[in-house]
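Asks: output the structure for:
(chains A and B)
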Amino acid sequence: DAGVIQSPRHEVTEMGQEVTLRCKPISGHDYLFWYRQTMMRGLELLIYFNNNVPIDDSGMPEDRFSAKMPNASFSTLKIQPSEPRDSAVYFCASSGRGDGTQYFGPGTRLLVL
Amino acid sequence: SQKIEQNSEALNIQEGKTATLTCNYTNYSPAYLQWYRQDPGRGPVFLLLIRENEKEKRKERLKVTFDTTLKQSLFHITASQPADSATYLCALDINSGYSTLTFGKGTMLLVSP
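Replies: Numbers count the residues shown, from 1 in each chain, chains lettered A, B, ... in the order given. Below you'll find the model as predicted:
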């Protein structure tokens, strides 16, 4: 199994631009999580899906952030417009039913100038 | 407020010694607790899960204890090796179910030859 796949691995953009991060979870996993990691705040849960349905988006910082999961093998996290304070590493993770273990992707390192 | 605390200072030990990392939490009653390892530039990797009714769990050179009275978990690496150098994160389920995890900020372990 290839594990959780994220793209791009690195993204540098200018303030105000739209950023789209992509994730392919492990096949058969029915939970998908989006996290943001910074030195100051650590690893924070932004939103999670169960069977492609968003369950809790209370961690999404602002309306500028949105996430979708159109099918079981693909999810996106979009920031529009981006701001310098959005600079962080964004991780996607997936988990199987009845197993609390989460499998993380390699992350997307985002820098907003 | 709900908190998960891990030592923010790096732990430096010599190869061959036992490393002990601490995770303290307040205001939670988790059904289980997990430990992850994170290497620079990579996503966290699951190591061990311990349930509230388990006092201790072992896996090769790793040992985790869970004291729900003290609200503390200890993570031990015996016969440490330079390859064990990484950041170690503890994570709790705060919703008593196999869904979301809340992570501590992690403790960096440095094992010198």
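Asks: what strands flank the strand or helix carrying B:Met108, and is each parallel or antiparallel?
Replies: Using DSSP states H and E, B:Met108 sits within strand B:107-112. Paired strands of strand B:107-112, with direction, are strand B:11-14 (parallel), strand B:86-92 (antiparallel) (DSSP bridges).
Asks: what residues does it touch?
Replies: B:6-15, B:19, B:21-22, B:77, B:80-88 (Cβ atoms under 8 Å, 6 or more residues apart in numbering or on different chains). C-betas here are computed from N, CA, C, even on glycine.
Asks: off-centre distance for that strand?
Replies: When C-alpha coordinates are averaged (Cα atoms, centre = their mean, to the nearest Å), strand B:107-112 and its chain have centres 13 Å apart.
Asks: how about stretch B:19-29?
Replies: Worked out by Cα atoms, centre = their mean, stretch B:19-29 lies 8 Å from the chain centre.
Asks: could you dump it to PDB, C-alpha only?
Replies: Only the C-alpha atoms of stretch B:19-29 are listed here, as PDB (Å, rounded to 0.1, in the frame of the first residue of the first chain):
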ATOM      1  CA  ALA B  19      14.700   7.300  27.500                       C
ATOM      2  CA  THR B  20      11.500   8.200  29.400                       C
ATOM      3  CA  LEU B  21       9.000  10.700  28.000                       C
ATOM      4  CA  THR B  22       6.000  12.100  29.900                       C
ATOM      5  CA  CYS B  23       2.500  13.000  28.800                       C
ATOM      6  CA  ASN B  24       0.200  14.700  31.300                       C
ATOM      7  CA  TYR B  25      -3.400  15.700  30.700                       C
ATOM      8  CA  THR B  26      -6.100  17.500  32.500                       C
ATOM      9  CA  ASN B  27      -9.900  17.600  32.200                       C
ATOM     10  CA  TYR B  28     -10.100  14.500  30.000                       C
ATOM     11  CA  SER B  29     -11.300  11.000  30.600                       C
END
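Asks: quick one: pLDDT of the closest residue to chain B within chain A?
Replies: When scored by Cβ to the nearest Cβ, chain A has A:Phe104 as its residue closest to chain B, at 3.1 Å. pLDDT, A:Phe104: 97.
Asks: and for B:Glu52?
Replies: Per-residue confidence (pLDDT) for B:Glu52: 87.
Asks: tell me if I'm right that it and B:Pro30 touch.
Replies: Yes: with contact defined as Cβ atoms under 8 Å, B:Glu52 reaches B:Pro30; the gap is 6.6 Å.
Asks: out of the two, which sits in the more crowded spot?
Replies: Set B:Glu52 next to B:Pro30 and count neighbours by other Cβ atoms under 10 Å in any protein chain shown: B:Pro30 wins out with 23 against 14.
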